[in-house]
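**Student:** Here's a sequence, model it:
(one chain, ligands or ions: 2)
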Amino acid sequence: MLNDLKQQPADALLALIKLHNSDPRADKIDLGVGVYRTGQGDTPVFGAIKAAEAKLVAEQDSKAYLGPEGDMGFVEALMPYIFGKQDPAMGGRIEGMQTPGGTGSLRLALAMVKRAGYNRVIVGKPSWPNHNQICADLGLEVFEFNHAAADGSTDMDALRGALGQAQAGDAILLHGCCHNPTGIDYTNAEWDEIAGLILDSKVLPILDLAYQGLGQGMEEDAYGVRRVLAAVPEALVCYSCDKNFGLYRDRVGALYAMVADPADLTRVMSNGHALARANWSQPPDHGAAAVRLVLADEALTAQWLDEVAEMCERMRQVRATLAAAGKTGGVDLTPIGSQNGMFSIIPFTPEQVQEMRSKHGVYFAASGRIAVAGLTAANIDKFIAAVADVTA
Ligand code: PLP
Ligand code: TYF
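**Tutor:** Ligands and ions are numbered 1, 2, ... in the order given. The predicted model follows:
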């Protein structure tokens, strides 16, 4: 029976790491998976997290089970950053739970949506491949609309069209900021319109916020989530701390549900808890506990916010350098300057992607998505010259 299982393709992005590792060239460049790198090319543990981890080792007196909701101190400490300091629980309408990363949060959100009777999820194309994969695994139909227009802005007409055709039983999954893979985000004015469109179409919004602070800043990047939540009766928010606290492998995330009537919140969240028990029982503790300790300490919070701002600033500088190169060979790098977050897409042909790898040792996804943090003062000129060479 097990022998009947069919071979599954490897995750293309994770496979790219191996391909890059096996290239012997010293000046190879890795622009594959979405992991932040400093100007020296490293992915260090945040200073604020190191300090919190030291505290955790010294002070943690038990590792006994916490329950399917995980570390609620962590879950609540994040809320002012996501939903605003004014009234982070929106009058008792929002509650969260800890999940294994943003992926665990998406898994739970989509399983909850399925349980609630939704059968279709409206998703922009392209999106992070796991969005479609989780929907497929849960038996949720995906209805795609085009995310980015030819002029490099968002394709609002496609989104208006998708919401115009929405049916009862539809949810919509949107990236809160730092769109993966295009880097093309909705403007605040577009979010204002989207909030109204979602309200009118009665679809359930699921907002994926995996890169808060890495686009324009912590507050700026929360605009879309806050704007939509202010307009609608119900929503789910999937949060990841894996990028903005540098905790990738520790798997730190949270799922928040907003309901219309606070009296319904316990019942709704009990479904999240039941689904967590059926999936992983309880989330891993360490990373979330470290985040809680950072957020409970004013000095560590300030240090963390500085570290996030520094990442954001460095990626903006890389973007500015690429944009300044302007027309490069057959492509225009200018739009990269006004895009956000870890990724942008350069319109390479599949042959050009291969040539970037084979001739120049530059590795990135077949879609032409580059992880901008892989570029540094030491390699960006080589990258731009390689782009000019293969697209000429
Ligand atoms: N959502 C998006 C759009 C992502 O790009 C990622 C990437 O890692 C995630 C969610 C989930 O992140 P993680 O599960 O590593 O916390
Ligand atoms: O898109 C990325 O690069 C990140 C990291 O299966 C990632 O979101 C990539 C693939 C994957 C899990 C995480």
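**Student:** The residue of the stretch 1-150 of the chain found nearest ligand 2 and ligand 1: what is the separation?
**Tutor:** For the stretch 1-150 of the chain, the residue closest to ligand 2 is Gly34, as judged by C-beta to the nearest ligand atom, at 3.1 Å. Where C-beta positions appear, they are placed from N, C-alpha and C, glycine not excepted. Distance of Gly34 to ligand 1, given as C-beta to the nearest ligand atom, to the nearest Å: 6 Å.
**Student:** Would you mind confirming that that residue makes contact with Asn180?
**Tutor:** Yes: using C-beta atoms under 8 Å, Gly34 is in contact with Asn180, at 6.7 Å.
**Student:** which neighbours do those two share?
**Tutor:** 342-343 (C-beta atoms under 8 Å, 6 or more residues apart in numbering).
**Student:** buried set for the longest helix along the chain?
**Tutor:** Longest helix in the chain, counting residues (DSSP state H): helix 298-325. Neighbour counts over helix 298-325 (16 or more other C-beta atoms under 10 Å) mark 300, 303-305, 307-308, 311-312, 314-316, 318-319, 321-323, 325 as buried.
**Student:** Stretch 62-76 now?
**Tutor:** 66, 68-76.
**Student:** ok, now stretch 108-124?
**Tutor:** 108-114, 118, 120-124.
**Student:** and it, how far from the chain's centre?
**Tutor:** 18 Å (C-alpha atoms, centre = their mean, to the nearest Å).
**Student:** So is that stretch next to ligand 1?
**Tutor:** No: figure legend: stretch 108-124 not in contact with ligand 1 (C-beta under 6 Å from any ligand atom); closest approach 10.8 Å.
**Student:** Offset the numbering so it begins at 15, please.
**Tutor:** I'll keep to 15 as the first residue from here, and by that count the last item is stretch 122-138.
**Student:** model confidence over that stretch, on average?
**Tutor:** Averaging pLDDT along stretch 122-138 yields 98.
**Student:** Stretch 68-84 now?
**Tutor:** 97.
**Student:** With only the CA atoms kept, save that stretch in PDB.
**Tutor:** C-alpha atoms of stretch 68-84 as PDB (Å, rounded to 0.1, in the frame of the first residue of the first chain):
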ATOM      1  CA  ALA A  68      19.400  34.000  27.700                       C
ATOM      2  CA  LYS A  69      16.700  35.200  30.000                       C
ATOM      3  CA  LEU A  70      14.500  32.300  29.000                       C
ATOM      4  CA  VAL A  71      17.200  29.700  29.800                       C
ATOM      5  CA  ALA A  72      17.800  31.400  33.200                       C
ATOM      6  CA  GLU A  73      14.200  31.900  34.200                       C
ATOM      7  CA  GLN A  74      12.000  29.200  32.600                       C
ATOM      8  CA  ASP A  75      11.100  26.800  35.400                       C
ATOM      9  CA  SER A  76       9.000  24.300  33.500                       C
ATOM     10  CA  LYS A  77       8.400  22.900  30.000                       C
ATOM     11  CA  ALA A  78       5.100  21.300  30.900                       C
ATOM     12  CA  TYR A  79       2.300  21.500  28.300                       C
ATOM     13  CA  LEU A  80       0.600  24.900  27.700                       C
ATOM     14  CA  GLY A  81      -2.400  23.700  25.700                       C
ATOM     15  CA  PRO A  82      -3.400  24.000  22.000                       C
ATOM     16  CA  GLU A  83      -3.500  27.800  22.100                       C
ATOM     17  CA  GLY A  84       0.100  28.000  23.100                       C
END
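**Student:** Could you tell me which residues of the stretch 165-314 of the chain lie near ligand 1?
**Tutor:** 189, 194, 222, 224, 254, 256, 267.
**Student:** Any chance of a PyMOL selection covering the buried ones in those?
**Tutor:** To isolate the buried ones among those in PyMOL, judged by 16+ other C-beta under 10 Å, type:
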select buried, resi 189+194+222+224+254+256+267
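**Student:** In strands only, show me the residues of the stretch 165-314 of the chain next to ligand 1.
**Tutor:** If you go by DSSP state E, those have 189, 222, 254, 267 in strands.
**Student:** In the sheet, which residues pair with the second one? Tell me.
**Tutor:** Think Asp222. In this structure, Asp222 bridges to His189, Cys252 when assessed by DSSP bridges.
**Student:** So which of the buried residues of stretch 122-138 sit within helices?
**Tutor:** 122-128.
**Student:** Adding distance to ligand 2, write those out as JSON lines.
**Tutor:** Output for these, formatted as JSON lines (distance: C-beta to the nearest ligand atom, whole Å):
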{"residue": "Leu122", "distance to ligand 2": "17"}
{"residue": "Ala123", "distance to ligand 2": "16"}
{"residue": "Leu124", "distance to ligand 2": "16"}
{"residue": "Ala125", "distance to ligand 2": "18"}
{"residue": "Met126", "distance to ligand 2": "21"}
{"residue": "Val127", "distance to ligand 2": "21"}
{"residue": "Lys128", "distance to ligand 2": "21"}
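**Student:** and which of those is nearest to Leu28?
**Tutor:** Leu124 (21.2 Å; C-beta to C-beta).
**Student:** residues from the stretch 15-164 of the chain in reach of ligand 1?
**Tutor:** Counting by C-beta under 6 Å from any ligand atom, the stretch 15-164 of the chain sits next to ligand 1 at 48, 115-117, 142.
**Student:** how does it look with 8 Å?
**Tutor:** 48, 114-120, 141-142, 144-145 (C-beta under 8 Å from any ligand atom).
**Student:** Lowest-confidence one in the residues you listed?
**Tutor:** For these, the least confident entry is Gly48, with 93.
**Student:** got a list of what it touches?
**Tutor:** Residues near Gly48 by C-beta under 8 Å, 6+ apart: 27, 194, 257, 356-357, 385.
**Student:** can you tell me how far it sits from Val127?
**Tutor:** 25 Å (C-beta to C-beta, to the nearest Å).
**Student:** same thing with Gly55?
**Tutor:** Taking C-beta to C-beta, one finds Gly55 at 40 Å from Val127.
**Student:** Same check on Arg330?
**Tutor:** Counting by C-beta to C-beta, the gap from Arg330 to Val127 is 35 Å.
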